[in-house]
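Asker: Need coordinates for the following:
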Amino acid sequence: MLKRHLTAFSFIEMEVFDDQQPIQIFNVEGQLLHQQQSSRGKQRIDVSRFNKEVILVNIGDTSELIRLTK
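Answerer: Residues are numbered from 1 along each chain as shown. This next block holds a predicted model:
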């Protein structure tokens, strides 16, 4: 499992190499904030509606910790 601290403002962008990988975003309480299926290539997700907090982004078997700052 890969974990890195990143900073995001209004969107996060990621490169996905496999089609149909589930993308899920959770807050620190474990509540699901966003979910979608990926397609191959760059994915851009609007996170401006989320509170300033740390979120966990799962893409298939990979996880990233991201600190949202506004």
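Asker: only C-alpha atoms for contact and neighbour calcs from this point on.
Answerer: Will do.
Asker: separation between Val28 and Gly60?
Answerer: According to C-alpha to C-alpha, to the nearest Å, Val28 stands 19 Å off from Gly60.
Asker: Now for the chain, the helix or strand with the poorest mean pLDDT.
Answerer: Using mean pLDDT, DSSP states H and E, strand 5-8 stands out as the lowest-scoring helix or strand of the chain, at a mean of 53.
Asker: Same question for the helix or strand following it: list its buried residues.
Answerer: Using DSSP states H and E, the helix or strand that directly follows strand 5-8 along the chain is strand 11-16. Judged by neighbour count (16 or more other C-alpha atoms under 10 Å), strand 11-16 contains these buried residues: 12, 16.
Asker: Run the angle between the next helix or strand after strand 11-16 and strand 11-16 for me.
Answerer: Moving toward the C-terminus from strand 11-16, the next helix or strand (DSSP H and E) is strand 22-27. With axes from the mean of the first three to the mean of the last three C-alpha atoms, to 10 degrees defining the directions, strand 22-27 sits at 150 degrees from strand 11-16.
Asker: Let me see the mean pLDDT of strand 22-27.
Answerer: Averaged over strand 22-27, pLDDT sits at 89.
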